[in-house]
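A.B. asks: What shape does this take:
(chains A and B)
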Amino acid sequence: MDVQVIIDNLPLYFQGLWVTITLVVSSLAIGLCLAVPVALLATAKNKWISFLPKAYIYFFRGTPLIVQMFMIYHGMGQFTIVHETFLWTIFQEAYACALIAFALNTAGYTGEILRGTIEQTLFGEIEAAKACGMSTPMIYRRIILPSTFRRALPAYGNEVIFMLHGSSLAGVITIVDLFGAARIVNSRSFVPFESYITAGIFYLAMTFMIVWGFKMAERHFHAYLRPRES
Amino acid sequence: MSEIIQYFPMILSGMLLTVSVALLSVLIAIVLGMLGAVAKLSKSKIAAAIAGIYTTIIRGIPDLVMMTIIFFGGQIMVNNIGAKFGWDYIDVSPFTAGVLTIGFIFGAYMTESFRGGILAVSHGEIEAGYAFGMKPAQVFFRITLPAMVRHALPSFGNNWLVLTKTTALVSVIGLQDMVYKAGLAGGATRKPFTFFCLVAFLFLIITGVSDVGFRWLNKKYTVGVRKA
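C.D. replies: Next up, the predicted model:
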C-alpha cells in the first residue's frame, strides 16, 4: 500500500468529490422537475396521453445509463442540426452531456416511482376531497401530491444512491469527478489498488450519509406511521 | 441503413458476449447470494457479520469503481502471489475480471433477495421436515429451497435486469461487448448515434425476452398457490 501517493493527491480527490456532488445534485433536481409531469401524464386514463410518458420510462429504465450517455456525448454530433448551430456549444461539452444524460435517466426512474405511488393513493382520500367540493387541480395539489412525495421517500432514497453510483460514469467521458480523479492518480503513478479504493471509500461514505439523511427524513415525514412510544 | 446491415454481424457478436457475461456472472451471483443469505440467517455471529459487511460495502461502492478495483488491482495481486510461488505471468483477462466483478457485486443483491425468500417460507413446513426426521441439510434442499423460489423470484428478476444493464460497463475495461463494438462501428461510419440506438434496442430485446421467461417461471412456481 502506497499511502503517500494518495495523501499527495487528496486535493485532486476533493476537487473530484465536489464535481460529483454538484453533478448528482443538479441532475437529481432537473430529473425530479421532469419526473413529476412524466408521472402525472403516465397515470392519465386516456391511453393516447399515457403512451408517450410510459414509453419514455420504459426506454430509460430498460437501457444502460452508459449507452444513454454515449448516445448524447458521442452521438449528437452526427446530426447537422446539432453540429452547425448553437447547440454544438452545449453538446461538445462533456459535463453538459453527462448532466443531460443523468437528468433524463433519473427522470425515467423517478417518474416510475411517482407513477406507482400516485396510483396507490387510497381512493377514500380522493373521494373525501371530492365530497368536500375540491376541483381536480386542487385535489392533486392538496391531497395526491403531498401524500405521494411522502410515500415515495424510501424508494427515492434508493434512486439517489443509484444516481450517485451512476455518476461515476462521468469519469469515462473525461470529466474529473471522483472516479475521474482516481483514473488520473492511477495513470500518473500506477497505483490502481490504492487510487480506486480511495475513490470507493469516498463513495461509501457518501452512500452512508445519504442513507442516514433519508432515515432522518422518513422519521420526520412518516412520524404518523411510527408505533406510539409508551 | 446500409451501415447497420454491414455492421450488424459485428454488433451481434458483441451481444453474444454481453449475454454470456450476464449468464456466467448471474451463476456466480446465485452461489454467492445463497451463501450470503444462509450466513446472514445462521446462528453464527461471525458468519452473519461477514455477510453483513459484504453486502454493505458492495452496495455502497459504484459497480464501475468496483470493477476497476478488481480488474487492475486483481492483476497486481495475482502477480504478487505468482511471484511468491514462482508461477509464470498470469494475465487476468477483462472477461474473467468482468464476470467475477459482476458476479461478486450482484451476489450482494441476491443475498438480500434470497434472505427475504427464505424468511417467507412458512415455519410449519420446515418444522414438518424436521418431524419427518430429516437432517438440517435435507430440510434445506428438499423444503426451504424449493419453497423459497416463489418468494425470491420477483426481486431476483429485478436483479437480473439490473445485472444485464451493468454488463455494459465491461466495455470500459476493454471487453468487446456490444457497447464497445457500437463505439467502433459508430466511429468508422461517423454515425455513433445510430449504433448506440441500435444497442439500446438490443438491450430492450434482452429485457423483453427475460420478462417472458420470468413470467413463465413465476407461473411454474406458483402452481400450488390459491388465488382469490
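
A.B. asks: so how far is the helix ranked longest in chain B from its chain's centroid?
C.D. replies: Assignment by DSSP state H gives helix B:2-41 as the longest helix of chain B. The chain centre lies 7 Å from the centre of helix B:2-41; the measure is Cα atoms, centre = their mean, to the nearest Å.

A.B. asks: That helix near chain A at all?
C.D. replies: No: using Cβ under 8 Å from any Cβ of the partner chain, helix B:2-41 stays clear of chain A, coming no nearer than 9.9 Å. No exception for glycine: its C-beta is placed from N, CA and C like everyone else's.

A.B. asks: so what does that helix touch, helix or strand wise?
C.D. replies: Here helix B:2-41 touches helix B:45-60, helix B:94-120, helix B:145-166, helix B:178-189, helix B:192-221, going by 3 or more Cβ pairs under 8 Å, 6 or more residues apart in numbering or on different chains; DSSP states H and E.

A.B. asks: Tell me which of those lies nearest to residue B:24.
C.D. replies: Checking the helices and strands packed on helix B:2-41 against residue B:24 by Cβ to Cβ gives helix B:94-120 as the closest, at 4.7 Å.

A.B. asks: what is the mean pLDDT for that closest one?
C.D. replies: Over the span of helix B:94-120, the pLDDT mean works out to 90.

A.B. asks: What residues of the longest helix along chain A count as buried?
C.D. replies: Using DSSP H, we find that the single longest helix of chain A is helix A:10-42. For helix A:10-42, a neighbour-count test (16 or more other Cβ atoms under 10 Å in any protein chain shown) marks A:12-13, A:15-17, A:19-20, A:23-24, A:27-28, A:30-32, A:34-36, A:38-42 as buried.

A.B. asks: Can you add distance to residue A:63 and give the helices and strands packed on helix B:2-41 back as a markdown table?
C.D. replies: Shown next, in a markdown table, are the helices and strands packed on helix B:2-41 (distance: least, Cβ to Cβ, whole Å):
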| stretch | distance to residue A:63 |
| --- | --- |
| helix B:45-60 | 22 |
| helix B:94-120 | 17 |
| helix B:145-166 | 7 |
| helix B:178-189 | 10 |
| helix B:192-221 | 4 |
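
A.B. asks: neighbours around the residue nearest to residue B:206 when sequence neighbours are not counted, how many?
C.D. replies: Excluding its sequence neighbours, the residue lying closest to residue B:206 (Cβ to Cβ, 6 or more residues apart in numbering or on different chains) is residue B:164, at 5.5 Å. Per other Cβ atoms under 10 Å in any protein chain shown, the neighbour tally for residue B:164 reads 23.

A.B. asks: where in the chain is pLDDT low?
C.D. replies: Let's take chain A. Across chain A, the ranges flagged by pLDDT under 70 are A:1, A:230.

A.B. asks: Chain B, not that one
C.D. replies: Ranges of chain B meeting pLDDT under 70: B:227-228.

A.B. asks: Spell out which parts of it neighbour chain A.
C.D. replies: B:57, B:59-66, B:68-69, B:72-73, B:75-77, B:165-166, B:168-169, B:171-172, B:179, B:182-183, B:186, B:190-194, B:196-197, B:199-200, B:203-204, B:207.

A.B. asks: Now, of these, which are buried?
C.D. replies: Buried among those by 16+ other Cβ under 10 Å: B:59-66, B:68-69, B:72-73, B:75, B:165-166, B:168-169, B:171-172, B:179, B:182-183, B:186, B:191-194, B:196-197, B:199-200, B:203, B:207.

A.B. asks: Name the residues of chain A found near chain B, please.
C.D. replies: A:58-59, A:62-68, A:70-71, A:74-79, A:161, A:164-169, A:171-172, A:179, A:182, A:186, A:192-193, A:196-197, A:199-200, A:203-204, A:207-208.
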